[in-house]
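*Asks:* coords please:
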Amino acid sequence: MSECIQTVEVGGLPVTPFKSMEQAVNTICSNEGVLPGFAVAINAEKVISASDNPDVKRNLMLGTLLYADGIAVVKTIQKKGIENTRVPGCDLWKELMKKAALNNKHVYLLGAEESVNKQTANKLSEEFGLKSLTRRNGYFGDVSQIIAEVEAIRPDIVTVAMGSPRQEQLITKLREVHPEGFYMGVGGSYDVYVGTVKRAPTLFQKLHLEWFYRLLMQPKRIFRQHVYLRYLYLHFMGKL
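*Replies:* Alright, predicted model coming up:
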């Protein structure tokens, strides 16, 4: 159903380069169906973490579609001579929901607090006309209930907002009973979508400086910046 795209290795991770958001969305969802698999966003921090920690790398490699969420990863792929653009995870999720509504795909929204989950479902219905939807908040005790529900409903698209690595671990279990679906861990995307968490201003987004905005808002993040310095060193030395 979708164009077959080669992957590019970035720090040992096979990243799929996309030339546009539209290409990414069309690769995942069309009126013919969805791409079976599991999307994982990749940024500089994850690349360095994967190189330092085999468990992190193993967790990221559970994904079948790794895409460049961070501008540093985009630049590394471009340095290898391959055109690509940044695909922010929260934007990809939103565009995917729009496409799912157009193609009448069944979406399962899992995760976040009950109020946020419910607001997200309502807003998707009002904004995009997404009607075929099942939802459940992230506060559940027995994971077997979630697994049984997904196996019974067999949704086309499952998005999980529970934080990493919990969301990736749950998706792996869900894929065992329903491998035909497309899965995506979305972190705080529901909160951003309904406005309970504020995203960086548009100017920062356009300049690919959301990381800098987060640093301004949370100065304690300065202690994590050494990761980016390591990434830049490896990038310019051609070691990624």
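*Asks:* so what touches stretch 186-198?
*Replies:* 89-90, 93-94, 109, 111-112, 116-117, 119-120, 123, 159-161, 163-164, 167, 199 (C-beta atoms under 8 Å, 6 or more residues apart in numbering). Using the backbone N, CA and C atoms, a C-beta is placed for each residue, glycine as well.
*Asks:* quick check: end-to-end length of it?
*Replies:* 15 Å (C-alpha to C-alpha, to the nearest Å).
*Asks:* in strands, which of the contacts of stretch 186-198 fall?
*Replies:* Counting by DSSP state E, the contacts of stretch 186-198 place 109, 111, 159-161 in strands.
*Asks:* any of the contacts of stretch 186-198 buried? List them.
*Replies:* Buried by 16 or more other C-beta atoms under 10 Å: 89-90, 93-94, 109, 111-112, 116-117, 119-120, 123, 159-161, 167, 199, out of the contacts of stretch 186-198.
*Asks:* quick one on the thing from earlier: in a markdown table: the ones in strands among the contacts of stretch 186-198, plus distance to residue 218 and pLDDT.
*Replies:* What follows is the ones in strands among the contacts of stretch 186-198, written out as a markdown table (distance: C-beta to C-beta, whole Å; pLDDT from 0 to 100):
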| residue | distance to residue 218 | pLDDT |
| --- | --- | --- |
| 109 | 27 | 97 |
| 111 | 22 | 96 |
| 159 | 25 | 97 |
| 160 | 24 | 97 |
| 161 | 20 | 95 |
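*Asks:* rebuild these as TSV, extending it with distance to residue 226.
*Replies:* Output for these, formatted as TSV (distance: C-beta to C-beta, whole Å):
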residue	distance to residue 226
109	36
111	31
159	32
160	30
161	29
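*Asks:* return the member of those residues nearest to residue 217.
*Replies:* Minimum distance to residue 217 across the ones in strands among the contacts of stretch 186-198 is 20.6 Å, recorded for residue 161 (C-beta to C-beta).
*Asks:* is it true that that closest one touches residue 113?
*Replies:* No. With contacts counted by C-beta atoms under 8 Å, residue 161 stays clear of residue 113, the gap being 9.8 Å.
*Asks:* joint contacts of those two?
*Replies:* Counting by C-beta under 8 Å, 6+ apart, the contacts common to residue 161 and residue 113 are residue 138.
*Asks:* and the residue in the chain sticking out farthest from the centre, how far from residue 76?
*Replies:* For the chain, the residue at maximal distance from the C-alpha centroid (C-alpha atoms, centre = their mean) is residue 237, at 28.3 Å. Separation of residue 237 from residue 76 (C-beta to C-beta, to the nearest Å): 11 Å.
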